[in-house]
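1. Please find the sequence and the predicted model below.
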Amino acid sequence: MTVILGAAGALALSLALSPWWWCAAGPLLALSAVGAWDLVQARHSVLRNYPLLGHLRFLLETLRPEMQQYFVERNFDGRPFDRDVRSIVYERAKGVDAEEPFGTERDVYVDGYEFLVPSMRPVRVPQEVPTVRVGGPDCRVPYDMALLNVSAMSFGSLSSHAILALNRGAALGGFAHDTGEGGLSEYHLRGGGDLIWEIGTGYFGCRTPEGRFDGREFADKAALPEVKCVSLKLSQGAKPGIGGVLPGAKVNAEIARARDVPEGETVVSPPYHQVFGTPRELVRFIALMRELAGGKPTGFKLCVGSRRQFLAVCKAMLAEGVTPDFIVVDGAEGGTGAAPLEFADHLGMPLTEGLVTVRNALVGTGLKDRVRIGASGKVATGTDIVKRLIQGADYTNAARAMMFAVGCIQAQRCHTNTCPVGVTTQDPRRVRALDVADKSARVHRFQRATVKSAVQIMAAMGVSDPRELTTGMLVRRLDPTTIAPYADLYEWLAPGELLREPPASWDADWRAADPDSFV
């Protein structure tokens, strides 16, 4: 303190002798004031012991993610997406050939490395890109789903320009755009793209003033020609089993209108649905949704947890004679605008095990022919698509990769309203940086090039139709000298096997599964 006061006195004397000293005095006086405050404040111990200098630590801490991303991490070891993956998305979105000179940088002998099996007799790449017909026996308006679609992202989590760019990109490419649980906004509808309208526990866009499901409003909006499918969100990979809070400060007029909530008031999404409490009630509600939607494809999304609980849902489907038209499996590696670290890191089943579980349960109960399986969770390349199809999916969805296509730089500021590229913010000054016309074209190019890559990979594997893929075509390294195909790594149930004689590994869960209880 004595040093700071002495410096201040010397400055005052110099200023009395010459006014030019003000050029240096202003900043030095400001620094002296900051240093004095650092000494007396009680919040940060570092600043009390190291006034002024301690602020350098906070500055470096703030810049650490950017320094890590740009100067430290290698091309293949960044998280959640490494530089190689981000680069391939950017290049495809811009229409640039995503090619790699000099060979792979990845260690192909490390435990866990996976590779696809090429054929000694490749086939021609089909001229028409495959699609997947979604719509079971109770569906009156089936929909042809692309192999890669826009995964669930709500208006509010994403900016108006980002939503509009994604939707226009979907319209250009003929693929689907999931609305997320934040309601049907004007930006979802304005672009002309095919929509999967997702309903979450808050029933945004079809809720009563008390927050319950409003069937009449749901039916009116589900009848819109842009809405091709409707989906009930049970949980998501990044934060399964948790509700959400949208602070009142973020609930502007547009968001309030899309979500059917009062403007400026905090909105709470409960962790569970009010419309069902048992597997049987869930299945019945799916049937009700499909009827209210005029027979359009209806399904649900979940992050898989208990195998026993999912088997209970399958038993309820058998008992009621009702199945969803699709089930989207969201892996624990999926993304979100914000989630508690413990949930993101340690709750929920990763996508591979989730897909295998759902595929086996549906095949084992003889229901797979009626239900299509979607996969979401870090899908970004053609290889990702092919892997997920082998593991049990019929089609895939991507969220963060689509965000890269509209300009996301993985700054990981999604929850702060300070997204530097206008993707995950409601700040008008930041949103204006995102040019909708340019970014919608990039979304289209990225999706088209990635699906083309997947089709080319399948052709190299000797496959012209995704239904020809087998579990023996994906191989994992177990140790430096041992590899094994997925056909041997996991148990694959035969059609109807659970109904005839469940294998020992499934018997306890199958017997305990209760269509009238999740407990």
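-> Structure's in. What do you need? Residues are numbered from 1 along each chain as shown.
2. In terms of secondary structure, what does the longest helix that the chain contains contact?
-> Counting by DSSP state H, the longest helix found in the chain is helix 436-460. Identification of packing neighbours for helix 436-460 by 3 or more C-beta pairs under 8 Å, 6 or more residues apart in numbering; DSSP states H and E yields helix 83-94, strand 148-150, helix 160-173, helix 382-391, helix 400-405. Every C-beta, even on glycine, is put in place using the N, C-alpha and C of the backbone.
3. Adding distance to A494, write these out as TSV.
-> Converted to TSV, the helices and strands packed on helix 436-460 look like this (distance: least, C-beta to C-beta, whole Å):
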stretch	distance to A494
helix 83-94	36
strand 148-150	30
helix 160-173	37
helix 382-391	17
helix 400-405	34
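4. Count the residues that sit near Q274.
-> Other residues near Q274 number 12, with proximity taken as other C-beta atoms under 10 Å.
5. what residues are up against it?
-> Neighbour list for Q274: 201, 211-213 [criterion: C-beta atoms under 8 Å, 6 or more residues apart in numbering].
6. For it, which three-state class applies?
-> Three-state assignment for Q274 (DSSP: H, G, I helix; E, B strand; the rest coil): coil.
7. Against R284, how distant is it?
-> 14 Å (C-beta to C-beta, to the nearest Å).
8. Next, the spatially closest residue to H55 that is not a sequence neighbour: phi, psi?
-> Leaving aside its sequence neighbours, H55 sits nearest to L47 (C-beta to C-beta, 6 or more residues apart in numbering; 7.2 Å). Backbone torsions for L47, taken as degrees, to the nearest 10, come to phi -70, psi -30.
9. Surely L47 touches V40?
-> No: counting by C-beta atoms under 8 Å, L47 does not reach V40; the two are 10.0 Å apart.
10. the more surrounded of these two?
-> L47 (21 against 9).
11. dump the residue contacts of that one.
-> 38, 41, 54-55.
12. Please tell me how far it sits from G392.
-> 54 Å.
13. ditto for A460
-> 21 Å.
14. Neighbour count for these two, which is higher?
-> G392 (24 against 16).
15. Name the helix or strand for I255, please.
-> helix 253-259 (DSSP states H and E).
16. Export the helices and strands packed on helix 436-460 to JSON lines and append columns for mean neighbour count, distance to E186 and mean pLDDT.
-> Output for the helices and strands packed on helix 436-460, formatted as JSON lines (neighbours: other C-beta atoms under 10 Å; distance: least, C-beta to C-beta, whole Å; pLDDT from 0 to 100):
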{"stretch": "helix 83-94", "mean neighbour count": "20", "distance to E186": "25", "mean pLDDT": "87"}
{"stretch": "strand 148-150", "mean neighbour count": "28", "distance to E186": "17", "mean pLDDT": "98"}
{"stretch": "helix 160-173", "mean neighbour count": "25", "distance to E186": "8", "mean pLDDT": "96"}
{"stretch": "helix 382-391", "mean neighbour count": "24", "distance to E186": "31", "mean pLDDT": "98"}
{"stretch": "helix 400-405", "mean neighbour count": "27", "distance to E186": "20", "mean pLDDT": "93"}
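17. where does this protein have low pLDDT?
-> Counting by pLDDT under 70, the chain shows low-confidence ranges at 1-25, 62-79, 100, 102, 245, 249, 337-338.
18. on that earlier part again, can you tell me what sits against the helix holding I255?
-> So helix 253-259 is contacted by 155-156, 160, 182-186, 202, 204-205, 207, 246, 251, 261-264, 267, 426 (C-beta under 8 Å, 6+ apart).
19. which parts of it are buried?
-> For helix 253-259, the neighbour count (16 or more other C-beta atoms under 10 Å) marks 254-256, 258-259 as buried.
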